[in-house]
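> Give me a model of this one.
(4 chains)
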Amino acid sequence: MTPMSLDAMAASVPDGALIAMPPDNSLPSVALAKALIRRGVRGLRLLGVPVGGFAADILIGAGCVVEVETSAVSLGEAGFAPRFSAAIRAGSIVMRDCTCPAVHTMLQAAEKGVPFMPLRGLIGSDILAHRPDWKVVPNPYGEPGDDIVLLPAISPDVAAFHAVMADEAGNVWVGRRRECATLAHASKRALVTVERVVPGNFLEDENLASGAISATYIEAVAIATRGARPAALLDEYGFDAAYVAEYARMARSEAGFQEWVAREVFSQAVAA
Amino acid sequence: MTPMSLDAMAASVPDGALIAMPPDNSLPSVALAKALIRRGVRGLRLLGVPVGGFAADILIGAGCVVEVETSAVSLGEAGFAPRFSAAIRAGSIVMRDCTCPAVHTMLQAAEKGVPFMPLRGLIGSDILAHRPDWKVVPNPYGEPGDDIVLLPAISPDVAAFHAVMADEAGNVWVGRRRECATLAHASKRALVTVERVVPGNFLEDENLASGAISATYIEAVAIATRGARPAALLDEYGFDAAYVAEYARMARSEAGFQEWVAREVFSQAVAA
Amino acid sequence: MSFVLEELLAVTIARLIRDPAAPPARHIAVGAASPIPAAACWLVAKQGAPVRLSLLHKRSGNPFTEGTRELFDLTGQGRIDLFFLGGGEIDGAANLNLIGTGEWPGTGVRFPGSFGSAFMYMMTNRTILFREEHSPRVLVDRVAHISAPGVSAPGVFRRGHAQALVTGRCVFRFHPERARFSLESLHPGESVDAIRAATGFDFDAADDVPQTTAPTDAELALLRGVVCDEMRETYPEFCARVFNRKSAA
Amino acid sequence: MSFVLEELLAVTIARLIRDPAAPPARHIAVGAASPIPAAACWLVAKQGAPVRLSLLHKRSGNPFTEGTRELFDLTGQGRIDLFFLGGGEIDGAANLNLIGTGEWPGTGVRFPGSFGSAFMYMMTNRTILFREEHSPRVLVDRVAHISAPGVSAPGVFRRGHAQALVTGRCVFRFHPERARFSLESLHPGESVDAIRAATGFDFDAADDVPQTTAPTDAELALLRGVVCDEMRETYPEFCARVFNRKSAA
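Reported below is the predicted structural model:
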């Protein structure tokens, strides 16, 4: 397995792709999000797995996104996601509200190769009322009146996340963050940034195998040191709350966001 | 977490329980199967996850089982499972033929708390024709004529398997054998034999966490050294082909099986 | 011993958790950004109750080995006895709005989103609603959008409902059979009239509504000691502010 | 160079795998107890084809990190291009019986069971059927029970069919559009008449059926060398018997 460059990875994501990304507690590739902004990608449809975080907000702010399907976009302790909120207010993105287990379920359906899966709950929620693609049917194993929601399989064009490491065979290691595995299984292409590439093969090591995602699902790997920053990466590094708080403050205004992007995304020193 | 004795664990399995077990390549607790024979359990309904192996055959041979739901019962390289074959011939067990992904799917439905899940394939198979509990419905996301099979959730009364180790918190470690995790999640009670109990907490260790099953699903742990034998246990020990071959030879006849059970299950030296 | 509002709220929630009339709380899940409910859960645990806590955003020793899906699977299995929810708006029928105000999808004020509420509220055995801000802006007659419904039609699969709504000013008990709140207790300095004025929904109140029971010295000692110890990794700012314990990091 | 039947079969299957008229075989899964198909796959890989092999029962370095479910999920996703199946009975419409003979569930001879065949046969892009025993007992006019159907009704979701049936005596090509086999080649010493006599189902045969192409020296060298090296851990007895290579263990 030969890693590609981060910029080549970003260039491989076509305008208009349905791209799925995990949030800040779950191995986002903020490095790839920044590279996508630098590449000037447009028209992305963004799927939060199951919510969006910092990376989602900067992609929305940079005008890369036309549609968001997610259960929330949030900066966590730093509060509301400012560019997401502004885009909803301006009506500049299509928002498809979801609920966390529904995102997992739609990806699991794609993982399993079935056209839909059922999910409990949801009945009586306006989220359901705004999802014509979700169907309510009588539970064929239930009593009369026991309706259940069916959700369609979703197969993202691109899955993007940041793993701790890749091995020589192209397997990547995400530890207990198995939502990244489901996402890779369900997606047409998985693009993974990593801290490092290590010798050997995780699948040959009983301790590492269960936290690995097989290379069969991984289209490309790029090395991006500290590529999850400001998000945390398992036991490798912690959450950079100050960085996110500064972003949240600056990105309250469009001008402040542009200043932040120029400094943190486009400046050579940071991009290198 | 205080381990219980293997005999106390066997005593906790009531007659008539629906007990689910993995086959020889997937961490069966042969030690618990032998303890169940010694306890004289009766009326078990056995679910092979997704097939049955050595442990299933000895439980059937010992008269512990009234019903088997599985995609196969086989001794692998050692050939047909002799006591299973004899029981089918004699009509002494109810056989519910299944197909491997259907077993996984029915357990995943229970894991997810939904009453059913769909599965592709199966249409045109006589397995489907003999499963009135499996329903064929039009795919609500498909074209006319695109039928799909729905399978009901199955929640075993008891999940039984052999893990490498347990920790002080009662978590158990099965490595890449994640079907044991799905099984534990789906079952009402998970009874786990282990090689050893180790200090600490697997969930605090990024390398071990992804191969662990949380104690929240584990009702009880018993230490059974070499408890998977003659099956292999990950990188701990290999498959004992000679032991299984001898069993396959002796168990061709009822008398031979009884001789084998007396020696290998009931003799004190082996039971200790 | 004197106490701050956060300590009163944590102790009050802990008493609701232990309520012998409610279904047992053997396994409680606590979501992100919930330091007061987390403190209440740790208090219950440190008081010796046999409770398992799954703190979703705990970074070291995160309870889930199957990724973020596992909480919802656990809840689907019926293994989560108690969860906490809030809302940008909460109405008198315990409907929650985590979407926003104005037209869908929140063209007035957009909230971050509904997270797992549309599932958790219906599939958990019971839910304690918690929102510190008690104002007509938050506690409305009718939510603009229902993220998660307070009650469900007959026949709809649902395991539990809101047990209570705890705010910075009072405790409401929820009655799913009539889809209404009743005023259970008043925090220090509050009156029924003041609560009525600050609440956008109608609710029931007895003639004599008791005060919310103050924390005991033993409860405060636990909160400020062993509970704070457990919480400092996940909620360093909260522990510094409320318990006056600076993080060592 | 002289060769044994197993070597001929492995080379023959390898040629079917590489068949340029068939859909590409980028990812092949090989089940338990299939040393000849496994040898064929390793041969293709060692000949330089860009193929991923997932050997289900490989103990060290097992390809699956999600347990035994992953093969079926991979296949559901359409990522498994080729799989191998056999059958206690195989009929002229490529129906497979892995259940048994006599009344359901096999009161005559009970076979071990159908494993994943009812799913894999329909969801894999193509299947090579392999059964060394070529007799009227195995190759029947109509299977007693259909574990997995050879063809499906219009509208039924199905990705692929049998490409061919390889036995110890010949190769049949399968034609799903007419649900019939045709005789593709005869192993050394066989004739069309002998095959007809040993086959319980009717099949098509050209006037001039060719011989199955013998292994080349290069193919035999790979099989006996690097292919055997790869297979010894999983199939020690097969390697000892066919390639005369004793296990070191």
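
> Determine the three-state secondary structure at the residue in chain A sticking out farthest from the centre.
Distance from the C-alpha centroid of chain A peaks at A:P144, with 38.8 Å (Cα atoms, centre = their mean). When classified by DSSP: H, G, I helix; E, B strand; the rest coil, A:P144 comes out as coil.

> repeat for A:I19
Taking three-state DSSP, the label given to A:I19 is strand.

> And for it, nearest residue in space, chain neighbours not counted?
A:V158 (4.5 Å; Cβ to Cβ, 6 or more residues apart in numbering or on different chains). Backbone N, C-alpha and C define where each C-beta goes, glycine included.

> residue contacts, that neighbour?
A:V13, A:A17, A:L18, A:I19, A:A20, A:S187, A:K188, A:R189, A:A190, A:L191 (Cβ atoms under 8 Å, 6 or more residues apart in numbering or on different chains).

> go on, A:E67?
So A:E67 contacts A:L44, A:R45, A:L46, A:I93, A:V94, A:M95, A:R96 (Cβ under 8 Å, 6+ apart).

> And A:D126, by the same measure?
C:I99, C:W104, C:H145, C:I146, C:S147.

> and the gap between the second one and D:I36?
What it means is C:W104. Separation of C:W104 from D:I36 (Cβ to Cβ, to the nearest Å) stands at 61 Å.

> residues near the nearest residue to C:S135 once chain neighbours are set aside, how many?
Leaving aside its chain neighbours, C:S135 sits nearest to C:A198 (5.9 Å; criterion: Cβ to Cβ, 6+ apart). For C:A198, the neighbour count with other Cβ atoms under 10 Å in any protein chain shown is 19.

> coming back round to it: kindly indicate which of the contacts of A:E67 lies nearest B:A56.
Ranked by distance to B:A56 (Cβ to Cβ), the contacts of A:E67 are led by A:R96 at 46.9 Å.

> Confirm the closest one sits in a strand?
Yes - assessed with three-state DSSP, A:R96 lies in a strand.

> shouldn't it be in contact with A:P132?
No - using Cβ atoms under 8 Å, A:R96 makes no contact with A:P132, being 10.5 Å away.

> C:W104 and D:I36: who's more crowded?
The residue with more neighbours, out of C:W104 and D:I36, is D:I36; 23 against 15, by other Cβ under 10 Å.

> Mind checking what secondary structure that one has?
helix.

> isn't it right up against D:I13?
Yes - taking contacts as Cβ under 8 Å, D:I36 lies within contact range of D:I13: 6.8 Å.

> so what sits against both of these two?
With Cβ under 8 Å, 6+ apart, D:I36 and D:I13 have common neighbours D:F130.

> Show me the shaky parts of chain C.
C:59-61, C:246-249 (pLDDT under 70).

> at 50 what do you get?
C:249 (pLDDT under 50).

> What ranges does it have for its strands?
C:27-30, C:52-55, C:82-85, C:89-91, C:96-97, C:126-131, C:139-140, C:161-167, C:170-175, C:180-186 (DSSP state E).

> closest one to chain A among the ones you listed?
strand C:96-97 (8.6 Å; Cβ to the nearest Cβ).

> Can you pull the phi and psi angles for the residue in the stretch 101-250 of chain A positioned nearest to chain D?
Here the stretch 101-250 of chain A gets closest to chain D at one residue, A:G113, 2.3 Å apart by Cβ to the nearest Cβ. Here is the backbone geometry of A:G113 (degrees, to the nearest 10): phi 80, psi 30.

> Just give me the neighbour total for the nearest residue to it once chain neighbours are set aside.
In space, A:G113 comes closest to D:G76 once its chain neighbours are excluded; the distance is 2.3 Å by Cβ to Cβ, 6+ apart. Look at D:G76: counted by other Cβ under 10 Å, it has 26 neighbours.

> Correct me if wrong: D:G76 contacts A:A109.
No - using Cβ under 8 Å, D:G76 makes no contact with A:A109, being 9.5 Å away.

> returning to that earlier point: so between A:R96 and A:P132, which is more surrounded?
The neighbour comparison of A:R96 against A:P132 (other Cβ under 10 Å) goes to A:R96, with 16 against 7.

> Just the buried ones out of the contacts of A:E67, please.
Among the contacts of A:E67, those classed as buried by 16 or more other Cβ atoms under 10 Å in any protein chain shown are A:L44, A:R45, A:L46, A:I93, A:M95, A:R96.

> what's the closest of those residues to chain B?
Nearest to chain B among the buried ones among the contacts of A:E67, with distances taken as Cβ to the nearest Cβ, is A:R96, at 16.8 Å.

> Which single one of the contacts of A:E67 is nearest to chain C?
A:M95 (4.3 Å).

> does C:P210 really touch C:P188, like I thought?
No - taking contacts as Cβ under 8 Å, C:P210 lies outside contact range of C:P188: 11.8 Å.

> For residue 71, which residues are in contact?
Going with chain A. Contacts of A:S71 by Cβ under 8 Å, 6+ apart are A:48, A:50-51, A:97-100, A:102-103, C:113-116.

> You answered for a different chain; I wanted chain C.
Listed by Cβ under 8 Å, 6+ apart, the contact partners of C:L71 are C:A29, C:S54, C:L56, C:F64, C:I80, C:G116.

> quick revisit: and the residue nearest to C:S135, how close does it get to C:L8?
17 Å.

> now do A:Y237
Taking Cβ to Cβ, one finds A:Y237 at 37 Å from C:L8.

> Which one's more surrounded, these two?
Comparing A:Y237 with C:L8 by neighbour count (other Cβ under 10 Å), the higher total belongs to C:L8, at 21 against 14.

> surely the more buried one meets C:Q211?
No - using Cβ under 8 Å as the test, C:L8 is too far from C:Q211 to be in contact (10.5 Å).

> Next, show the common contact partners of those two.
C:H187, C:P188.

> So which residues on chain A come close to chain D?
Where chain A comes near chain D, counting by Cβ under 8 Å from any Cβ of the partner chain, the residues are A:110-114, A:181, A:185-186, A:201, A:203-204, A:209-214, A:216.

> Need the buried ones from the residues you listed selected in PyMOL.
Here is the PyMOL command that selects the buried residues among these (16+ other Cβ under 10 Å):
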select buried, chain A and resi 110+111+112+113+114+181+185+186+201+203+209+210+211+212+213+214+216
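
> Let's see which of the residues of chain A next to chain D end up in strands.
Those of the residues of chain A next to chain D lying in strands (DSSP E): A:A212, A:I213.

> Next step: the residues of chain A next to chain D restricted to helices.
A:A110, A:E111, A:K112, A:A181, A:H185, A:A186, A:A209 (DSSP state H).

> And the residues you listed, which is closest to D:D229?
D:D229 lies nearest to A:A209 out of those, by Cβ to Cβ, at 22.6 Å.

> Run through the residues that contact the nearest residue to A:G52 once chain neighbours are set aside.
Distances taken as Cβ to Cβ, 6+ apart put A:V73 closest to A:G52, at 4.0 Å, once the chain neighbours are dropped. The neighbours of A:V73, taking Cβ under 8 Å, 6+ apart as the test, are A:G48, A:V51, A:G52, A:G53, A:A56, A:D57, A:I60, A:A81, A:F84, C:P112, C:G113.

> one step back: can you put the contacts of A:E67 in JSON lines and add distance to chain B?
Putting the contacts of A:E67 into JSON lines (distance: Cβ to the nearest Cβ, whole Å) gives the following:
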{"residue": "A:L44", "distance to chain B": "25"}
{"residue": "A:R45", "distance to chain B": "19"}
{"residue": "A:L46", "distance to chain B": "23"}
{"residue": "A:I93", "distance to chain B": "26"}
{"residue": "A:V94", "distance to chain B": "21"}
{"residue": "A:M95", "distance to chain B": "23"}
{"residue": "A:R96", "distance to chain B": "17"}
